[in-house]
Each structure stands twice: as C-alpha cells, then as structure tokens.
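Visitor: sequence and computational prediction follow.
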Amino acid sequence: MGRLANMNRPAAVEITYEGMRFLITHNPTNATLNKFTEDWPFDDGAPPPTKIVDDWLNLLKTKFRGEPGCCIAVHCVAGLGRAPVMVALALIETGMKYEDAVQFIRQKRRGAFNSKQLLYLEKYRPKMRLRFKDANGPNCCVQ
C-alpha cells in the first residue's frame, strides 16, 4: 500500500520566474528532511498565517539576493496546496497578478490550490517585498 500511495503523488516540479527558482514537492522523507532549513507548518487547505508569510518572504529576499540562481524547495503533504500557495505569494510579491501566478503554477502542477486558497490569493495585497528600487532605473525584481 505504501508503494502505491507514493505512485499517486505528483512528481516534484520546478517553477522559475524572474531569477527565482522553486521546487514544489510532496512531504520529504526522514532521509531528505535535513535538506529543508525551515519548518513553518499551517493547517492543510488553509491560507498561511501572516507571520509565516513574513518569514517566508524575508527568507526569499535573503536567499535570492545572497545566492542568485539558488533553488528553494517547498513542500507540503501532497505538494498541491500549501507549497503552491507559498510559491504563488512569492510570484505575487514580484508584481505578478494572482490569476497569472495561479495559472503559471498550474501549468506545471495540475490540481494545485483549493477554493479557500484561491480566495486567499485573490484577496492578498502584496507589499512588493520581492522588488527593490534601483538607484539607476525603475523597479526591478530581486535576482
């Protein structure tokens, strides 16, 4: 049964946008858990708490500025709800519209997002935390 359950889980997918790279995956095993540096659990099917969103975006800002081209792995139990929501928030914070972020992720991760998560993303108001002012030009995404 355990083997069959693993076969039904979607494969990990990479989402790349504006110099940011994410790997959306399902629950890691004990052998791979040490590769994840943060653990921010929140209820399955629910939107993330504000503190988790803030911590997530601060981590991304630090990692993508300090290690351009790095890939951030994001997981939840099935890789269809909470992990895609976190990646969508990152895309929205660069200036992407929520509808475009959802479509962009669903192109690679069919079945991502439930109706409660979609409503959360629709109502989410970005603060453009993954953009910064360039003294020599217009707004630019973190790369």
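Guide: Noted; the coordinates are in hand.
Visitor: Ile15 in helix, strand or coil?
Guide: Here Ile15 is recorded as strand under DSSP: H, G, I helix; E, B strand; the rest coil.
Visitor: give me the phi and psi for the closest residue to it other than its chain neighbours.
Guide: The shortest distance from Ile15 to any non-neighbouring residue, by C-beta to C-beta, 6 or more residues apart in numbering, is to Phe22 (4.6 Å). (Glycine included, C-beta is placed from N, CA and C.) Main-chain torsions, Phe22, degrees, to the nearest 10: phi -130, psi 150.
Visitor: contacts only, for Phe22.
Guide: By C-beta atoms under 8 Å, 6 or more residues apart in numbering, the contact list for Phe22 reads Glu14, Ile15, Thr16, Cys71, Ile72, Ala73, Val74, Val87, Ala90.
Visitor: and the longest helix along the chain, what's buried?
Guide: Longest helix in the chain, counting residues (DSSP state H): helix 50-66. Across helix 50-66, burial judged by 16 or more other C-beta atoms under 10 Å covers Ile52, Val53, Trp56, Leu57, Leu60, Lys61, Lys63, Phe64.
Visitor: which one among the residues you listed gets closest to Lys123?
Guide: Set against Lys123, the nearest of the buried residues of helix 50-66 by C-beta to C-beta is Val53 (12.9 Å).
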